[in-house]
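A.B. asks: Predicted model follows, preceded by the sequence.
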Amino acid sequence: MPKVLVSDPIDQAGIDILSQVAQVDVNTGLSAAELVRIIPEYDALMIRSGTQVTKEIIEAGNLLKIIGRAGVGVDNVDVPAATRKGIVVVNSPEGNTIAAAEHAIAMMLSMSRHIPEANASVKSGKWERNRFIGVEVYKKTLGIVGLGKIGSHFAASAKAMGMKLLAYDPFISAERAEQLGCRLVELELLMRESDYITLHIPKTPETKHLINAEVLSKMKPTARIINCARGGIIDEAALAEAIKEGKIAGAAIDVYEHEPLEADSPLRSVGQNIVLTPHLGASTAEAQVNVAIDVAEQIRDVLLGLPARSAVNIPGIFPDSIEKLKPYLQLAETLGNLVSQLAGGRVDYLNVQLQGELANNQSQPVVVAALKGLLSQALRERVNYVNASIEAKERGIRVVETRDASIRDYTGSLHLMAKGTLGEHTVTGAVLGENEIRITSVDDFPVNVSPTHHMLFTLHRDMPGIIGKIGSQLGSFNVNIASMQVGRKIVRGDAVMVLSLDDPLPEGILAEIIKVPGIRDAYTVNL
Ligand SMILES: NC(=O)C1=CN([C@@H]2O[C@H](COP(=O)(O)OP(=O)(O)OC[C@H]3O[C@@H](n4cnc5c(N)ncnc54)[C@H](O)[C@@H]3O)[C@@H](O)[C@H]2O)C=CC1
Ligand SMILES: O=C(O)CCC(=O)C(=O)O
């Protein structure tokens, strides 16, 4: 039974799902060194934001197939290191959207009405009605930095509260922003004109300290900023100073550059114009169930050999296209494997052509599958959908993808051309019916054969007796032929012969086959 390590608190609903297929060990609060020590036993790791999954942990995880982040941000996982090792990283892109947006709204309102201090004051026995005069958000301008899932939900709620909306997000269109009732503007204008600024962007090298002293200096002295996205997007020292010096009115912060927040963080000494929560954005009962189920299901599926629906490091495989593409992914992998065995030596160039109806689909997963097949001879089980593209790039394989929807011999077909040190080969294949894979041409000679484990391909001159001679050769080595087909363009011209064999070809037989008069070349293929 596979083993899953759950190293952060996860809702029981997720544990129950994992327990259907794996031994689940819940072991929270481990140090990095402890994780490195125990991770070699585990096939999967499930985390929230608490565990930092470093390169060292990933390197030590020799059995790891998947890292599941029960939440959105995967900045606590060294995703490039996981990709290189062929470990799929999944998250729950939507499970806590509402929770995070509602927390940011709560932060905006509680900061505006001094709720934390008023609450503390009443609980300490005081009744200070004049001390806590707040401000309304109605008719104020809200600047949303990052108009993705959480930013959009905040926008809809803020609109309903009568706020005017600005948004900064270089990756969305003005039309999309307009649909959400936002005016898309540059960051500088947003900082200058907003009464409230809320951040909903990922932490990336580009967004680190995006909000620094200079950017903060553009804000109105009456403006307030909310960060329920990621620590490190705001320069915390600059923020503390801006509030203390009255350059801005306040801030509400849920996430920090170092979590837990250090005892001597400048944010702790700002006083009453800052509201701090300990990374609670996703902490609702509903969100915790959602993310736990979402990620546990994906870990279960991957451990069962099925695809994950929200993999962050498998290029371009979207959940709704997986089912439709599945037989074509299998076809691409088979053809990649076949063409690499025909090519024999190193392949430097691969052209992947999507034909017919397939040409109207997402190409990236098909290309990745073809690369996985192509590299499987060299890398065996070390190559998978996660690292195939990187491995190909590192080996200097130039990959070109083309489409031709006008080729309609089959509903959808796939053509691969590989060039390498020993020459050039092409293969084409199609999916018949629901999921029957056929090889439909080899080196441009038409055939129609099902791929089998052991095959022999020959390039020869179409002439009387040649098939019989190959049959006798194989017979003399005690190899049984399951099926045989010849593909040719003209009678007595060049041709290919494709034989499916019940047994693997013994050593030395190829050299004998090549000696048969009329045979130009012969290739053993194991699929
Ligand atoms: N506090 C908490 O507990 C939680 C925090 N989060 C964090 O919230 C953030 C947003 O999450 P979602 O809305 O689900 O993500 P999303 O991917 O739906 O939206 C992010 C948006 O940011 C935009 N963006 C990316 N780089 C940008 C840049 N340099 N400048 C401006 N816009 C940029 C993208 O175009 C996208 O529209 C993530 O960092 C996530 O980790 C999410 C859930 C809970
Ligand atoms: O796991 C958590 O509670 C944090 C959630 C979060 O930050 C995220 O989903 O990005």
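C.D. replies: Everything's here; your move. Numbers count the residues shown, from 1 in each chain. Ligands and ions are numbered 1, 2, ... in the order given.
A.B. asks: Looking at the stretch 401-527 of the chain, what residue ends up closest to ligand 2?
C.D. replies: Closest contact between the stretch 401-527 of the chain and ligand 2, by Cβ to the nearest ligand atom, is at residue 401 (32.9 Å). C-betas here are computed from N, CA, C, even on glycine.
A.B. asks: same question but for the chain, I mixed them up
C.D. replies: Across the chain, no residue is closer to ligand 2 than residue 71, which sits at 2.5 Å (Cβ to the nearest ligand atom).
A.B. asks: hang on, that residue is in a strand, isn't it?
C.D. replies: No: counting by DSSP: H, G, I helix; E, B strand; the rest coil, residue 71 is not found in a strand; it is coil.
A.B. asks: Around ligand 1, pick out the residues from the stretch 51-200 of the chain.
C.D. replies: Residues of the stretch 51-200 of the chain found near ligand 1 (Cβ under 6 Å from any ligand atom) are 71-73, 96-97, 100, 145-151, 168-172, 200.
A.B. asks: what about residue 176, which helix or strand?
C.D. replies: helix 174-179 (DSSP states H and E).
A.B. asks: all strands for the stretch 301-450 of the chain, in order.
C.D. replies: For the stretch 301-450 of the chain, the strands defined by DSSP state E, counting those that start in this stretch occupy 347-356, 398-404, 412-420, 423-432, 436-442, 445-449.
A.B. asks: Show me what the lowest-mean-pLDDT helix or strand in the chain is packed against.
C.D. replies: Sorted by mean pLDDT, DSSP states H and E, the helices and strands of the chain end with helix 319-343, the least confident at a mean of 86. Judged by 3 or more Cβ pairs under 8 Å, 6 or more residues apart in numbering; DSSP states H and E, helix 319-343 is in contact with strand 347-356, helix 364-379, strand 412-420, strand 423-432, strand 436-442, strand 519-526.
A.B. asks: For residue 312, give its distance to ligand 1.
C.D. replies: Distance, residue 312 to ligand 1, using Cβ to the nearest ligand atom, to the nearest Å: 11 Å.
A.B. asks: Pull the contacting residues for the nearest residue to that residue once chain neighbours are set aside.
C.D. replies: Nearest non-adjacent residue to residue 312, counting by Cβ to Cβ, 6 or more residues apart in numbering: residue 89, 5.1 Å away. Shown in contact with residue 89 (Cβ atoms under 8 Å, 6 or more residues apart in numbering): 66-69, 74, 77, 79, 82-83, 311-313.
A.B. asks: what's the most distant pair in those?
C.D. replies: Every pair in the contacts of residue 89 was compared (Cβ to Cβ); the two farthest apart turn out to be 68 and 83, at 15.2 Å.
A.B. asks: Looking at those two, which one has more neighbours?
C.D. replies: Neighbours were counted for residue 68 and for residue 83 using other Cβ atoms under 10 Å; residue 68 has more, 33 against 20.
A.B. asks: So what pairs up with the more buried one in the strands?
C.D. replies: residue 46, residue 90 (DSSP bridges).
A.B. asks: who's in contact with it?
C.D. replies: 44-47, 89-91, 295-296, 298-299.
A.B. asks: Go again with 7 Å.
C.D. replies: Applying Cβ atoms under 7 Å, 6 or more residues apart in numbering, we find residue 68 in contact with 44, 46, 90, 295, 298-299.
A.B. asks: Can you tell me which of those is nearest residue 339?
C.D. replies: residue 90 (30.7 Å).
A.B. asks: circling back: centre of the chain to the least confident helix or strand of the chain, how far?
C.D. replies: Per Cα atoms, centre = their mean, to the nearest Å, the displacement of helix 319-343 from the mean C-alpha position of its chain is 19 Å.
A.B. asks: Go through it and flag the buried ones.
C.D. replies: For helix 319-343, the neighbour count (16 or more other Cβ atoms under 10 Å) marks 325-343 as buried.
A.B. asks: Thanks again, I'm all set now.
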